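**Q** pasting the structure only:
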Ligand code: CMP
């Protein structure tokens, strides 16, 4: 199994609810190791650029409002098969469809305020990691 890196975001809803520690602990328990981490209050331009592929979706403006409503925690997670495993740990985008034991089942409020983001493919992971982190900020274990 290949070692991969993926971008994880703890979203403003989860930060507001003081869930950062619990979410990071879950990633560490799953051997999804944070190798870069920072807290940031995204500007509209940063959020729009990050979610550019959703620009034509009806929820795009509300998504940008939400993602800029407070600070987020940005992380690069490293581990075996990290991209798919992170998505399994997060659960379905809509918490109503998320399996028991997933982060979104446990912590998400709605399809928009869904606690965490994770890259959905190797191509997305490469783009999203590079969007927020320079190579020199990533500290492989
Ligand atoms: P995320 O995994 O960050 O990727 C895109 C985000 O858009 C998604 O999580 C949700 O927060 C949001 N999103 C996706 N579908 C909808 C929807 N139908 N209504 C509102 N927000 C959505």
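**A** Cool, got the structure. Keep in mind it's a predicted model, so treat the numbers as computed, not measured.

**Q** Helices along the protein, start to end?
**A** Per DSSP state H, the chain carries helices over the ranges 12-16, 20-29, 44-50, 60-67, 82-90, 103-107, 122-132.

**Q** Could you point out which of these sits nearest residue 1?
**A** Shortest distance between residue 1 and the helices of the chain, using Cβ to Cβ, is found for helix 82-90: 9.5 Å. Glycine gets a C-beta too; all of them are placed from N, C-alpha and C.

**Q** hmm, that closest one touching the ligand?
**A** No: using Cβ under 6 Å from any ligand atom as the criterion, no contacts between helix 82-90 and the ligand are found, and the smallest distance is 7.7 Å.

**Q** Who are the packing partners of that helix?
**A** Under the contact criterion of 3 or more Cβ pairs under 8 Å, 6 or more residues apart in numbering; DSSP states H and E, the helices and strands touching helix 82-90 comprise strand 3-10, helix 20-29, helix 103-107, strand 116-118.

**Q** With mean pLDDT and mean neighbour count as extra columns, can I get the helices of the chain in JSON lines?
**A** Below are these laid out as JSON lines (pLDDT from 0 to 100; neighbours: other Cβ atoms under 10 Å):
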{"stretch": "helix 12-16", "mean pLDDT": "98", "mean neighbour count": "19"}
{"stretch": "helix 20-29", "mean pLDDT": "98", "mean neighbour count": "15"}
{"stretch": "helix 44-50", "mean pLDDT": "98", "mean neighbour count": "15"}
{"stretch": "helix 60-67", "mean pLDDT": "98", "mean neighbour count": "16"}
{"stretch": "helix 82-90", "mean pLDDT": "98", "mean neighbour count": "21"}
{"stretch": "helix 103-107", "mean pLDDT": "98", "mean neighbour count": "21"}
{"stretch": "helix 122-132", "mean pLDDT": "98", "mean neighbour count": "16"}
